[in-house]
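In: Coordinates only, no sequence provided:
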C-alpha cells in the first residue's frame, strides 16, 4: 500500500533499533533538535539495568513504504 507524501508514520519498537534510524528528537517544548544517540542510549541502559522494559517511539514526517525507517524523529 502506498501513502501520499506528507503523511506521518509512527514507529515503535526496541530503542536500539529505532534510535539508530533517528536524526533528531523532540524536546520538552516540541522543538526538533539534533539527536545525541550516545546520550539517549546511556539513559536507556540505565533503565534496562533496573529491569525496566523500554520502548521507543519515532515519527516519520514523509511516510511511505519506501522510506519508513529513513529520517526518523524520536518522540520518546
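Out: Done, it's in. Please read all numbers here as calculations on a predicted model, not as lab measurements. Numbering: from 1, shown residues only.

In: mind showing which ranges of the protein have poor pLDDT?
Out: Along the chain, the parts satisfying pLDDT under 70 run over 1-6, 63-65, 67.

In: what sits up against the longest helix seen in the chain?
Out: Taking DSSP state H as the criterion, the chain has its longest helix at helix 37-49. With contact meaning C-beta atoms under 8 Å, 6 or more residues apart in numbering, helix 37-49 is reached by 15-16, 19-20, 22, 25, 54, 56, 74. Every C-beta, even on glycine, is put in place using the N, C-alpha and C of the backbone.

In: Format the residues you listed as a markdown table; extra columns: secondary structure.
Out: Shown next, in a markdown table, are the contacts of helix 37-49 (DSSP: H, G, I helix; E, B strand; the rest coil):
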| residue | secondary structure |
| --- | --- |
| 15 | helix |
| 16 | helix |
| 19 | helix |
| 20 | coil |
| 22 | strand |
| 25 | strand |
| 54 | coil |
| 56 | strand |
| 74 | strand |
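
In: Nearest to residue 62 among the residues you listed?
Out: Relative to residue 62, the closest of the contacts of helix 37-49 is residue 22; by C-beta to C-beta it sits at 14.4 Å.

In: and that closest one, bridged to which residues?
Out: Note on residue 22: beta-bridge partners residue 72, judged by DSSP bridges.

In: I am assuming it contacts residue 60, so please confirm or correct that.
Out: No: taking C-beta atoms under 8 Å as the definition, residue 22 is not a contact partner of residue 60, at 9.9 Å.

In: For residue 17, which residues are in contact?
Out: Neighbouring residues of residue 17 by C-beta under 8 Å, 6+ apart: residue 56.

In: and what of residue 20?
Out: Per C-beta under 8 Å, 6+ apart, neighbours of residue 20: residue 37.
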